[in-house]
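Undergrad: coordinates only, sequence not included:
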């Protein structure tokens, strides 16, 4: 006898495999890991991860999503937005953070089927990256003298970008089409 997905989740909670607070709801296509750190809302094409030292979300264009420290207010294109503490401190007190704004990227000359599922031609270098505009806030206990840099693919600082700080928040707006050294997915938020 087969079980419904809803009853399966209920049985996992009853057996203590999932905590009662787990928000998984197969009928709504919402799934949460046992630790609570990963949530997928399949109908929205959204996946988010929240850990003490990193937070990230994949979301469609024009969508907003509040995590714990990270609040993505808007992305002009579908993207993955992730922040990671590099100094080993929890994200909210980190003085060195890498921000990754990953948009669509394909090889030059790559060909895909209309539904973008089947690869017809792999293409070649260089990789073409979609540009986008990102607006976010990041909760931080260290807002004084924080700076934002666009990074090269080798991790070197290429350009300092504006960063507004105050009231425990870092306010960031990035337009990757306007970067002086070309688009990049990598940024550094650092107390210099």
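TA: Great, that's in hand. Everything quoted here is computed from the prediction, not taken from an experiment. Numbering: from 1, shown residues only.
Undergrad: relative to residue 113, how far out is the residue nearest the centre of the chain?
TA: Against the mean C-alpha coordinate of the chain, by C-alpha atoms, centre = their mean, the closest residue is residue 81 at 2.3 Å. Computed with C-beta to C-beta, to the nearest Å, the distance linking residue 81 and residue 113 is 28 Å. Every residue, glycine included, has its C-beta placed from N, CA and C.
Undergrad: can you check residue 33 too?
TA: Distance of residue 33 to residue 113, given as C-beta to C-beta: 32 Å.
Undergrad: neighbour-wise, which of those two wins?
TA: With neighbours defined as other C-beta atoms under 10 Å, residue 33 and residue 113 compare such that residue 33 has more, 13 against 9.
Undergrad: pull the contacting residues for that one.
TA: With contacts defined as C-beta atoms under 8 Å, 6 or more residues apart in numbering, the neighbours of residue 33 are residue 39.
Undergrad: need the pLDDT of it.
TA: At residue 33, the model reports a pLDDT of 96.
Undergrad: then residue 2?
TA: According to the model's per-residue confidence, residue 2 sits at a pLDDT of 53.
Undergrad: burial count for residue 172?
TA: What residue 172 shows, counting by other C-beta under 10 Å, is a neighbour count of 23.
Undergrad: can you check residue 185 too?
TA: When neighbours are defined as other C-beta under 10 Å, residue 185 has 20 of them.
Undergrad: quick check: it touching residue 104?
TA: No. With the criterion set as C-beta atoms under 8 Å, residue 185 and residue 104 do not qualify as a contacting pair; they are 10.9 Å apart.
Undergrad: joint contacts of the two?
TA: Overlap between the contact sets of residue 185 and residue 104, as judged by C-beta under 8 Å, 6+ apart, is given by residue 129.
Undergrad: mind listing what the residue nearest to the centre of the chain touches?
TA: By C-beta under 8 Å, 6+ apart, the contact set of residue 81 is 56-59, 70, 72, 75, 99-102, 134, 136.
Undergrad: repeat that for residue 91.
TA: Residue 91 touches 52-55, 68-70, 83-85, 97, 138, counting by C-beta under 8 Å, 6+ apart.
Undergrad: now the protein, which segments are flagged as low pLDDT?
TA: 1-2 (pLDDT under 70).
Undergrad: switch the cut-off to 90
TA: When residues are selected by pLDDT under 90, those of the chain lie in 1-6, 8, 142-145, 192.
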